[in-house]
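In: everything below, folded, please.
(2 chains)
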Amino acid sequence: MLLRLENIHKSFATGFLMQRRQVLRGLELAVQAGEAYALLGANGAGKSTTLRVLLGLARPDLGNGTLFGKPLGERAARRQLGYLPENPSFHEQLTAVEFLRCCGGLLGLRGTALVQRIDALLERVELQGARGTRLRKLSKGMLQRLGLAQALLGDPELLVLDEPMSGLDPPGRKLVRDLILEQRQAGKTVLFSTHILADVETVCTRAGILRDGRLETELRLEDLSRLRAESVELTLSGLEERDVRRLGLLARSALRAGSHVIFTVGPGEVQELVHAALEAGGRVESLVPRRVSLEDIYLEVSRRAEAPAAAPLPSPQSVRSGGEP
Amino acid sequence: MLERVGTVARWTLIELLRERVLYVVLLFTAVLVGSSTVLTPLAPGAQKKVVVDLGLAAIDTLGILVILLSGTSLVRREMDRRSLDVLLTKPLTRLEYLAGKWLGLVGTLGVLTVAMTAILALGLEVCGFGWHARYFTAILGSALSMLVMASIAVLFSTFTSPTLGSIFTLALFVGGNLSTGMLRAVQAAGGNRLLEWISLGLPSLGLFNLRGAAVHGTGVPRDQFVVAGCYAALYVMTALVLAAHIFRRRDFR
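Out: Predicted structure coming up:
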């Protein structure tokens, strides 16, 4: 196991009276080498704190963990690590090249190898034109790209990214997605937190949903792809009310929208419903296969957590609860 | 280890030397030196002493101003803007980071001291007083004093805001300059254990003040240099180790 967090509790003192606010409550997390793992969760769920504990920037109140088989915070483990913080802010008076040179110095890189690596990374993150620009003059998106370059500088085995897509324009988001995929293909491990679920589906192998400082649910993204076209939305028009009621018996749900009626049916029931609708004089306006998205699961997890008696998740076999790796 | 400390020091030096405030301070102290030449008619027969004394005092003032304006926010500023996160996830210990910051600050003070010394030497030449090698003795004393004050500023910047850090550092600078006299006064008055401990805890900056000897042309014994150097080294090491101890316990949210 490349990294493991066991029963992590973490609280911070807040406000003038320094009251403790519990952020993590018995968090369990394990990521294997070669995975691309996304940490999901609402604001305040504990995503950034989880990453900070893992990186040794915050010490857990209780619990322990390992990174590359070594206790959290050990310097030796940090040699194989690249980190991009959320909304990165670097040393404003340095230029992009000076900053990367300093980061390389801390990683023990020097000479021609460092110069070549910096050039290659600046080109990869499309910042060649800003190599001599002071960091205070760079835009948020450019700083994010530079942050990625510094995280990749030491060719790390583990890349930890805190909200890497936030504040990026579409080309910037694509760049981050491509970089994560490149790292995966190179056999590297990527752990990142995000709010942008569509990107998770594209680049991740596994995702964990954090809620109130615990890992509420974990799912494999390959399971998600199997759930595609779990239902179909069929929009019909020209139906009498009694036909709608009769056809409604064949569908999971029926919703009238003006002169149209939207039926939701299982993939195997489409043919029967279309046949019956055409016989009743109806017209097919559209037929949209609806897949279960990560967003559906995310929202369902949130809803279920708030109301424990609610319906099960869209596909129980795809979801394993309780932080089991 | 030295390479990583050197990297942080170089990084800090570049950053500090590009701060505009530094040049405002340099200009201010240069004006101070320049104005001393205007004051010479007020001290007939001691014009040279006035210019030299004010010039050397300006170097001290420049040092403490830079420490108060930049030194006390060195670490805290990086914590606030979160640029520290990236550094501390590299294979760099917190002691190495602090040592690098201190060294970068000291380097900046060194560059400014050289610049101010050049300005003073030029001023003396222009006034026709000439430069004397013994002035270096006083500047060396100032440099030792700055090493100590820089380590104190780094210590405060690990756990308090720049404003409070500046107030505490200034208080220690004033107290440190008065500590030797205070200790003598306390002992002369029969002694008070608490006040004696406080005096001993303050940096004994009087030890580094060699301006009088430089101005009046009296020599400084070699032993005093050795004692002052050892004292500064000990004080700096203690302050940095204490800072690292505090800093190691810090959580970054």
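In: from here on, just use CA atoms for contacts and neighbour counts.
Out: Will do.
In: please verify my assumption that B:Phe252 contacts A:Leu57.
Out: Yes - A contact is recorded between B:Phe252 and A:Leu57 when judged using C-alpha atoms under 8 Å, the distance being 5.4 Å.
In: got any residues that touch both of those two?
Out: Shared contacts of B:Phe252 and A:Leu57 (C-alpha atoms under 8 Å, 6 or more residues apart in numbering or on different chains): B:Asp85.
In: neighbour count for these two, which is higher?
Out: Higher neighbour count among B:Phe252 and A:Leu57: A:Leu57, with 22 against 17, using other C-alpha atoms under 10 Å in any protein chain shown.
In: quick one: classify that one as helix, strand or coil.
Out: Classification of A:Leu57 by DSSP: H, G, I helix; E, B strand; the rest coil places it in coil.
In: and stretch A:91-98, C-alpha only, in CSV?
Out: Output for stretch A:91-98, consisting of C-alpha atoms alone and laid out as CSV, is shown next (Å, rounded to 0.1, in the frame of the first residue of the first chain):
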residue,chain,number,x,y,z
HIS,A,91,7.2,33.8,-3.8
GLU,A,92,6.0,36.9,-5.7
GLN,A,93,9.4,38.5,-6.3
LEU,A,94,10.9,35.4,-8.0
THR,A,95,10.5,34.7,-11.7
ALA,A,96,9.0,31.4,-12.8
VAL,A,97,12.5,29.9,-13.6
GLU,A,98,14.1,31.1,-10.4
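In: apart from its chain neighbours, what residue comes closest to A:Glu222?
Out: Computed as C-alpha to C-alpha, 6 or more residues apart in numbering or on different chains, the closest residue to A:Glu222 that is not its neighbour in sequence is A:Thr205, at 6.9 Å.
In: residues contacting the one you found?
Out: Taking C-alpha under 8 Å, 6+ apart as the contact definition, A:Thr205 lies against A:35-37, A:220-222.
In: how does it look with 10 Å?
Out: Applying C-alpha atoms under 10 Å, 6 or more residues apart in numbering or on different chains, one finds that A:Thr205 lies in contact with A:34-38, A:184, A:190, A:219-223.
In: max pairwise distance over the residues you listed: which two?
Out: Maximum pairwise distance in the contacts of A:Thr205, criterion C-alpha to C-alpha, is 19.3 Å, between A:Val190 and A:Asp223.
In: between the two, point out the one with more neighbours.
Out: Here A:Val190 and A:Asp223 are set side by side on neighbour count (other C-alpha under 10 Å), and the busier one is A:Val190, at 27 against 15.
In: quick check: residues of chain B near chain A?
Out: On the criterion C-alpha under 10 Å from any C-alpha of the partner chain, chain A has as its neighbours in chain B the residues B:1, B:3-8, B:10-12, B:14-19, B:78, B:80-93, B:248-253.
In: at 8 Å instead, please
Out: Selection of chain B residues close to chain A by C-alpha under 8 Å from any C-alpha of the partner chain yields B:3-4, B:7-8, B:11, B:14-15, B:18-19, B:81-83, B:85-93, B:250-253.
In: hang on, the earlier thing: just name the closest of the contacts of A:Thr205 to A:Asn64, please.
Out: Taking C-alpha to C-alpha as the measure, A:Tyr37 is the one of these closest to A:Asn64, at 19.9 Å.
In: that's a helix at the closest one, yeah?
Out: No - with three-state DSSP as the criterion, A:Tyr37 is located in strand rather than a helix.
In: for A:Arg256, list each beta-bridge partner.
Out: For A:Arg256, the beta-bridge assignment (DSSP bridges) gives partners A:Val261.
In: what's the spacing between it and A:Ile262?
Out: Using C-alpha to C-alpha, to the nearest Å, one gets 6 Å for the distance from A:Arg256 to A:Ile262.
In: look at these two and report which has more neighbours.
Out: Remark: of A:Arg256 and A:Ile262, A:Ile262 carries more neighbours, 22 against 14, as counted by other C-alpha under 10 Å.
In: wait, A:Glu86 touches A:Pro164, no?
Out: Yes - using C-alpha under 8 Å as the test, A:Glu86 is close enough to A:Pro164 to be in contact (6.9 Å).
In: out of these two, which sits in the busier spot?
Out: A:Pro164 (26 against 19).
In: so where's chain A uncertain?
Out: Counting by pLDDT under 70, chain A has low-confidence residues at A:223-229, A:291-293, A:304-325.
In: after the helix ranked longest in it comes which helix or strand?
Out: With secondary structure taken from DSSP state H, chain A has its longest helix at helix A:170-185. Going down the chain from helix A:170-185, the next helix or strand is strand A:189-193, by DSSP states H and E.
In: residue ranges of the helices in chain B, please?
Out: Assignment of helices within chain B using DSSP H yields the ranges B:2-17, B:20-39, B:47-69, B:74-80, B:83-88, B:94-127, B:135-157, B:162-188, B:193-201, B:211-216, B:222-248.
In: oh sorry, the question was meant for the stretch 51-200 of chain A
Out: Assigned by DSSP state H, counting those that start in this stretch, the helices in the stretch 51-200 of chain A fall at A:75-78, A:96-106, A:111-124, A:140-152, A:170-185, A:197-203.
In: mind giving me a markdown table with those and columns for mean neighbour count?
Out: Formatted as a markdown table, those follow (neighbours: other C-alpha atoms under 10 Å in any protein chain shown):
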| stretch | mean neighbour count |
| --- | --- |
| helix A:75-78 | 19 |
| helix A:96-106 | 23 |
| helix A:111-124 | 16 |
| helix A:140-152 | 23 |
| helix A:170-185 | 16 |
| helix A:197-203 | 17 |
